[in-house]
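Q: Got a sequence here, can you model it:
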Amino acid sequence: MTVARVNPNLLDRLPGTYGSLVDKFFNEGLTANRNLTSFRPQVDAVETEKDFRLNIALPGFRKEDIKLDFEEGKLTISGERKFAAEEKSKYHFIETNYGSFSRSFYLPENILESGIEAQFENGILGIVIPKDEKKVLKRQIEVK
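A: Okay, the predicted model is just below:
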């Protein structure tokens with residue numbers, strides 16, 4: 001008997017059941033180039049005592065391709081990376097993500113909206129959302 005190592009990335013792409021395969025067909029269709037129209041970048045969210053931090057993986061983007069909006073407690077990050085096919089080139093497969101994306105995050109009330117900062121470096125968009133020490137979300141109330 002031979003033991004074969006399973007690639008965990010492959011398991012994420014395989015349907016768990018026949019029903020999920022059918023769901024995937026109707027939800028995503030048979031578009032071979034679905035990565036060329038939209039995608040969902042990966043985000044890491046961290047909370048410290050002083051702030052919240054978001055790191056969004058956007059390899060191949062330029063900072064001009066990224067837009068951040070904050071409205072009514074919701075931070076929205078959007079952008080687009082266009083595919084520029086080279087003439088006289090024959091593509092065998094494309095695994096890089098292209099197209100537009102939009103991710104929204106509802107932020108807690110204890111943030112300092114005017115202090116939100118964003119920096120784009122080495123394909124990672126880093127956003128720092130400072131907490132407002134004056135706004136307390138949880139406190140104990142003494143019963144008299």
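Q: Find the nearest non-adjacent residue to Pro59, please.
A: The shortest distance from Pro59 to any non-neighbouring residue, by C-beta to C-beta, 6 or more residues apart in numbering, is to Gly123 (4.0 Å). Where C-beta positions appear, they are placed from N, C-alpha and C, glycine not excepted.
Q: what's the burial count for that neighbour?
A: The number of residues packed near Gly123 is 11, by other C-beta atoms under 10 Å.
Q: which residues touch it?
A: Neighbouring residues of Gly123 by C-beta atoms under 8 Å, 6 or more residues apart in numbering: 57-61.
Q: pLDDT score for it?
A: At Gly123, the pLDDT value in this model is 94.
Q: And Lys131, by the same measure?
A: The score at Lys131 is 92. That number is its pLDDT.
Q: can you give me phi and psi for it?
A: Here is the backbone geometry of Lys131 (degrees, to the nearest 10): phi -90, psi 150.
Q: Do a quick rundown of the helices in this structure.
A: For the chain, helices defined by DSSP state H occupy the ranges 8-13, 18-28.
Q: ok so, going back, out of the contacts of Gly123, show me where the pLDDT dips lowest.
A: Within the contacts of Gly123, pLDDT is lowest for Gly60, at 87.
Q: Show me where this structure dips below the pLDDT cut-off.
A: The chain contains residues with pLDDT under 70 at 1-37, 136-139.
Q: With Phe93 as the reference, measure out to Ile111.
A: The span separating Ile111 from Phe93 equals 42 Å under the rule C-beta to C-beta, to the nearest Å.
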